[in-house]
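Trainee: missing the sequence, but the structure's below:
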């Protein structure tokens, strides 16, 4: 009986640690490029920011037979694309952008076309500096281009037009 209590406590501690680790990674602007009938591959893109040094070591989706982290780069005058077999480093506090023509997720051997304005599930597998792995589950919007993300630029409007209420000093 004592052994099972320790086992349960250890399991709960592991679940909490993985959950806490996953919360230290933020993913924004996630999307996947729509496909047409017969197209068997597409890209997925996003910005990933980790609180601590982390590595993106794997990706998967039930919509793809194969999912890999890729990098595109120029070598001389030729654009080359290759899988990152050692994963993608996510330095602490730095947003790493996965975008067309750079780092990205390749979804290959698609089981069905990815229609515009639908979502595709994607799981990111992360590893911290101590080797502990965790996953982040995402639903990516499918489109032809990045979704329009609302932004609020304080440099573009006049604050004197705002009514902030009566300020008593």
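Mentor: Perfect, thanks for sending it. These numbers come from a predicted model, not from an experiment. Residues are numbered from 1 along each chain as shown.
Trainee: how deep is residue 120 tucked in, by neighbour count?
Mentor: For residue 120, the neighbour count with other Cβ atoms under 10 Å is 24. (Glycine included, C-beta is placed from N, CA and C.)
Trainee: How much space separates it from residue 33?
Mentor: Distance, residue 120 to residue 33, using Cβ to Cβ, to the nearest Å: 10 Å.
Trainee: who touches both of the two?
Mentor: 44, 114, 142 (Cβ atoms under 8 Å, 6 or more residues apart in numbering).
Trainee: Please pick the buried ones from those residues.
Mentor: Among these, those scoring as buried are 44, 114, 142 (criterion: 16 or more other Cβ atoms under 10 Å).
Trainee: need the contact list for the second one.
Mentor: Contacts were defined as Cβ under 8 Å, 6+ apart; by that measure residue 114 touches 32, 33, 34, 35, 42, 63, 107, 120, 142.
Trainee: Try it again at 7 Å.
Mentor: Neighbouring residues of residue 114 by Cβ atoms under 7 Å, 6 or more residues apart in numbering: 32, 34, 35, 42, 63, 120, 142.
Trainee: What of residue 101?
Mentor: Applying Cβ under 7 Å, 6+ apart to residue 101 gives the contacts residue 72.
Trainee: That one in helix, strand or coil?
Mentor: Using DSSP: H, G, I helix; E, B strand; the rest coil, the structure places residue 101 in coil.
Trainee: Tell me the pLDDT of it.
Mentor: Looking at residue 101, its pLDDT reads 91.
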